[in-house]
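In: this is a predicted model, with the sequence first.
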Amino acid sequence: MTELELIQAICQGLPTNPSVVVGPGDDCAVLELGLPDRFALFKTDAVVEGVHFTPDAPPAKVGHKALARCLSDVAAMAGTPTAALITLGLPKKFDPSWVLDLYAGINALAARYAVAIAGGETTLNPDRVAVSVAIIGWVQKERCVLRSGAQPGDAIFVTGELGGSIAGKHLEFEPRLVEAQWLTEHFKIHAMIDLSDGLASDLRHVLNASRVGAELLAEAIPISHAARIRARETAEARYAGYESACQKTPLQAALTDGEDFELLFTVAPNDAVRLLDAWRTRFPELRLSCIGKIVPGEGITIRDKYGVRRLTERGYIHFA
């Protein structure tokens, strides 16, 4: 059973109540708690040793990543995080100094965004470390952005550069909270998602939720320097006889590597140029790229130097 199939099976018949405005299927749950101008946002995420970080990863960076993943999801809804709970699963013979350094990373990021660490839970996890974060925040009702609002003709934008996050970015990324809040303050953002499993997969989440398709321009996709270096290194490894090296072109890395944690969003085409100009003034050090457009239909096509083809690549797949 794939991850998507498992989620679909779990979600059948889930209990709900009138407070749930948006349940499973978006970056955060959206709750109506009786506040006249805002919704509550609720999110949980986890990092697991051997899956999301290696045993030799600096614990402060592991803590940063554990909280930043949730903050990135709040950003994708244009929200403001408020408080978090930390559940920590540890093997019996854990290193206390490692745990304190983990919390140093959590606390530093939390302080930067005025997020309270309001409690949590510790438990035995015999084989490896696992850190789960639950976060609550809020968003102004008129600025709450879902995955389901993309419209034919919309321009598709991504922040930053994509691919090669394994080189270190996945432990050090900055959640795009400030940028997302600025976007919704100055523009009507139709749909938005954070890129956690790769552009090819996460864009499909937007398309499926919005019941539309997309056309991408390969040369417009912002490929990171790390993705280009990694592609060259794997090519050299294969040439040297290491056939197990997983070779990706830089474009494939930008499309399929997970954990970039950049924002992907859509806006009406008549806002695209004005948005780019305003972005360069407000965020001169962060790249913003228009990579294609939303079209009627379904699926993704991509235009490169060889012509137009159906995009078959996928991002990171759990349980594969």
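Out: Everything's here; your move.
In: which SS class is K248?
Out: Under DSSP: H, G, I helix; E, B strand; the rest coil, the three-state class of K248 is coil.
In: contact partners for it?
Out: Contacts here follow CB atoms under 8 Å, 6 or more residues apart in numbering; on that basis K248 touches 230-231, 234, 256-257. Where you see a C-beta, it was placed from the backbone N, CA and C, and this is true even at glycine.
In: touching, F187 and V267? I think so.
Out: Yes - counting by CB atoms under 8 Å, F187 touches V267, with 5.8 Å between them.
In: more neighbours: those two, which one.
Out: Neighbour tally, F187 and V267, criterion other CB atoms under 10 Å: the higher count belongs to V267, 23 against 17.
In: show me where the stretch 201-320 of the chain has strands.
Out: 213-217, 263-267, 288-295, 300-304, 307-310 (DSSP state E, counting those that start in this stretch).
In: that older thread, which residues do F187 and V267 both contact?
Out: In contact with both F187 and V267: L275, using CB under 8 Å, 6+ apart.
In: out of the strands of the stretch 201-320 of the chain, deepest packed?
Out: Of all the strands of the stretch 201-320 of the chain, strand 263-267 carries the top mean neighbour count, a mean of 26, counting by mean count of other CB atoms under 10 Å.
In: now the angle from that strand to strand 213-217?
Out: 110 degrees (axes from the mean of the first three to the mean of the last three CA atoms, to 10 degrees).
In: so what touches strand 263-267?
Out: 75-76, 145, 149-151, 154-159, 176, 179-180, 183, 187-195, 199, 202-203, 206, 275, 294.
In: filter those residues down to the buried ones and express that as a ChimeraX selection.
Out: Selection command for ChimeraX covering only the buried members of these, criterion 16 or more other CB atoms under 10 Å:
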select :75,76,145,149,150,154,155,156,157,158,159,176,179,180,183,187,189,190,191,192,193,194,195,199,202,203,206,275,294
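In: of the contacts of strand 263-267, which belong to strands?
Out: 155-159, 189-194, 294 (DSSP state E).
In: tally of neighbours for the nearest residue to L31 once chain neighbours are set aside?
Out: Spatial nearest neighbour of L31, chain neighbours left out: A40 (4.2 Å); criterion: CB to CB, 6 or more residues apart in numbering. Neighbourhood size, A40 [other CB under 10 Å]: 20.
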